[in-house]
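Visitor: Below are the sequence and a predicted model for it; my questions follow.
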Amino acid sequence: MLVLAGHPAVPAVETFLEPGRIGGFVIVPSLIGAEAAQGALRIQDGEVPEGLPPPAVDAVKPVFNWHQMQRWNVSEASPHGSESSREPSFLERYRWRVIALTAAVLVQTLLIAFLLHERQMRRKAEVEARNQLSQLAHINRQATAGELSSSIAHELNQPLGSILTNAESAELILGSPTPDLQEVREIISDIKRDDQRASEVIRRMRSLLKRAPFEKKEIDLNQTMREAFDFLKLQASARNVAIYLQTSPQTLRVQGDPVQLQQVILNLVVNSMDAMAKMPYGRTIIGRTDVNGAASAVISISDSGPGIPPDRLNEIFDPFFTTKEQGMGIGLSIARTIVLAHSGQIWAENQSGGGAVFHLSLPLAA
Ligand code: ADP
């Protein structure tokens, strides 16, 4: 064994390779041991020691210590047949695991990218669907406004007529030698009240006709029902329909778009009026609001019309289903789309005493 300070040390036997020797042509005791073991086994199997062949193993091998080769800057390109004690690198040792792990990470990344893309596409589709819904709903509201236009005109004419009459009376009073100012004050307050009435009609008409995006906020369903029924009062009386509203005593807070929910109510009530159009008398519509347990609010609108043929009860909500000559068949399908967009449900049934009843349930706000 050769050990020189500042030089690589060369051991004679492989056993002394570690630590700190570079290696070289060394005796490998394990080879001698293996041949001796072979001989011992043959003797055990009955052969006589003298009969065994003389040791033939070449126990001197070129063996190198990889760390020391690095240290002494010796090239790895060692002579053919030499052995090196080089430790395999991390990549060599765990090659398959590294490949499997990289593949798993890659697949996962692709999967995440795909899911994100899917989510984005779904959001886009949802926004598009909502836009389409609000466009279609707008067309339907225009049609409803058209149907209600005569009663709206009447509703506007009434306060405008009173304003004119009151203004003329005030003029006459003021023209007299001793005008009764108290009466003039009362007339002016009447004029202000009628003006507010007319403004309210225009406000309701505007909100019905405005092209607003679908927008939910916390509302009181009783209030929404009241406003819609107020809107329909005149149309009902023009069509000889008695219309009643019974609201629940408690406030019904829901997350909703008030314009669109009013549109659903208008559609249902106008349909009821249409259904009763051929009846000579007894045309009645009743609107009700109530709670169903702690979780949902329910609106129902019933009429005293002919009802819906039982085999058509589901069909009536399909787009373009109509039994009317001038019907578009989109009122109920829009109503259903709006209610579904509010996470609610809408269904129709026939009452035992005759006439149809439409129910819609909406989740109560937490
Ligand atoms: P349209 O009013 O244009 O026909 P809708 O979708 O609003 O479209 O209504 C679809 C159909 O449902 C009506 O044509 C009618 O046959 C039926 N329908 C709706 N409401 C009632 C009701 N209250 N009573 C009887 N039939 C009704």
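Guide: The structure has been received and is ready for your questions. Keep in mind the model is a prediction, meaning the values are calculated, not measured.
Visitor: What is the neighbour count of residue 122?
Guide: Counted with other C-beta atoms under 10 Å, the neighbours of residue 122 add up to 10. Any C-beta I mention is one placed from the backbone N, CA and C, and that applies to glycine too.
Visitor: cool, the one 5 residues further on as well?
Guide: By the criterion of other C-beta under 10 Å, residue 127 has 12 neighbours.
Visitor: Next, count neighbours for whichever residue of the stretch 251-366 of the chain sits closest to the ligand.
Guide: Closest contact between the stretch 251-366 of the chain and the ligand, by C-beta to the nearest ligand atom, is at residue 331 (2.6 Å). A count of neighbours around residue 331, defined by other C-beta under 10 Å, yields 24.
Visitor: I'd like to know which helix or strand in the chain has the lowest mean pLDDT.
Guide: strand 83-84 (a mean of 58; mean pLDDT, DSSP states H and E).
Visitor: Give the residue spans of the protein that score low on pLDDT.
Guide: 1-6, 77-87 (pLDDT under 70).
Visitor: Just the element for the residue nearest the centre of it, please.
Guide: Nearest to the geometric centre of the chain sits residue 123, at 7.3 Å (C-alpha atoms, centre = their mean). Here residue 123, judged by DSSP states H and E, is contained in helix 95-175.
Visitor: what's the helix or strand just after that helix packed up against?
Guide: Per DSSP H and E, the first helix or strand lying C-terminal to helix 95-175 is helix 181-209. Packing partners of helix 181-209 (3 or more C-beta pairs under 8 Å, 6 or more residues apart in numbering; DSSP states H and E): helix 95-175, helix 221-238, helix 258-275.
Visitor: Verify the assumption that residue 300 is located in a strand.
Guide: Yes - counting by DSSP: H, G, I helix; E, B strand; the rest coil, residue 300 is located in a strand.
Visitor: That one: neighbour count?
Guide: Neighbours of residue 300 using other C-beta under 10 Å come to 17.
Visitor: dump the residue contacts of it.
Guide: 287, 288, 290, 357, 358, 359, 360 (C-beta atoms under 8 Å, 6 or more residues apart in numbering).
Visitor: for those residues, which one is nearest residue 260?
Guide: Proximity of the contacts of residue 300 to residue 260 (C-beta to C-beta) peaks at residue 360, which lies at 12.0 Å.
Visitor: Which residue comes closest to the closest one once chain neighbours are left out?
Guide: residue 346 (4.3 Å; C-beta to C-beta, 6 or more residues apart in numbering).
Visitor: got the contact list for that neighbour?
Guide: Here residue 346 is in contact with 264, 317, 335, 336, 339, 358, 359, 360 (C-beta under 8 Å, 6+ apart).
Visitor: Just the ones of these in strands?
Guide: Among these, the members found in strands (DSSP state E) are 358, 359, 360.
Visitor: Quick check: ChimeraX command selecting the buried ones in those.
Guide: Selecting only the buried entries of the ones in strands among the contacts of residue 346 in ChimeraX, with 16 or more other C-beta atoms under 10 Å as the criterion:
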select :358,359,360
